[in-house]
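> Sequence first, then the predicted structure:
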Amino acid sequence: MTEKEEKGKKGKAKKKLTVQMLRETRKPPKENLERQKDQRKIIKAIKGALKSGPKTIPQIAQETNLRSDEVVWYLFSLRKYGEIQEVEEVEGYYTYKLVEEDEGEKNEA
């Protein structure tokens, strides 16, 4: 093994130990972990509501027992990351659906 390869291995090992040490000493506060857990539950509930087809914000809020403002915030976040999309406007509200539905339809065609 060349000297350069040895230095590279030592550098990687040192970096790995540093990352491991930081993870052990800098754990996130419990409040943050609980908030993340709650957010994942809400996202799962919203996606579950949309699995049966496109829905408006009030429909999602009613089905998930969430406030409309919470639904809006999560829908906009999901839309930003390409997980849902607007379909059409119904009675002054846009309907939203999961993006995966489109991909499945394309594969069937």
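Sure, I can see it. Computed from a prediction, not measured in an experiment: that's the story for all the values here. Numbering: from 1, shown residues only.
> in this structure, which spans are helices?
3-25, 30-50, 57-64, 68-80, 100-108 (DSSP state H).
> what about those, which gets the closest to residue 90?
helix 57-64 (9.4 Å; CB to CB). To be clear about C-beta, it is placed using only N, CA and C from the backbone, and glycine gets the same treatment.
> tell me which residues in that closest one are buried?
For helix 57-64, the neighbour count (16 or more other CB atoms under 10 Å) marks 57, 59-61, 63-64 as buried.
> Please pull out the lowest mean pLDDT helix or strand from this structure.
helix 100-108 (a mean of 50; mean pLDDT, DSSP states H and E).
> Next, the contact list for residue 50, please.
Contact analysis of residue 50 by CB atoms under 8 Å, 6 or more residues apart in numbering lists 60, 84, 96-98.
> The same query, at a cut-off of 7 Å, please.
84, 96-98 (CB atoms under 7 Å, 6 or more residues apart in numbering).
> Point out where the protein drops to low pLDDT.
Residues of the chain that meet the criterion pLDDT under 70 lie in 1-11, 100-109.
> where's the closest residue to residue 64 other than its chain neighbours relative to residue 37, distance?
Among residues not flanking residue 64 along the chain, residue 45 sits closest, at 4.4 Å (CB to CB, 6 or more residues apart in numbering). From residue 45 across to residue 37, the span is 13 Å (CB to CB, to the nearest Å).
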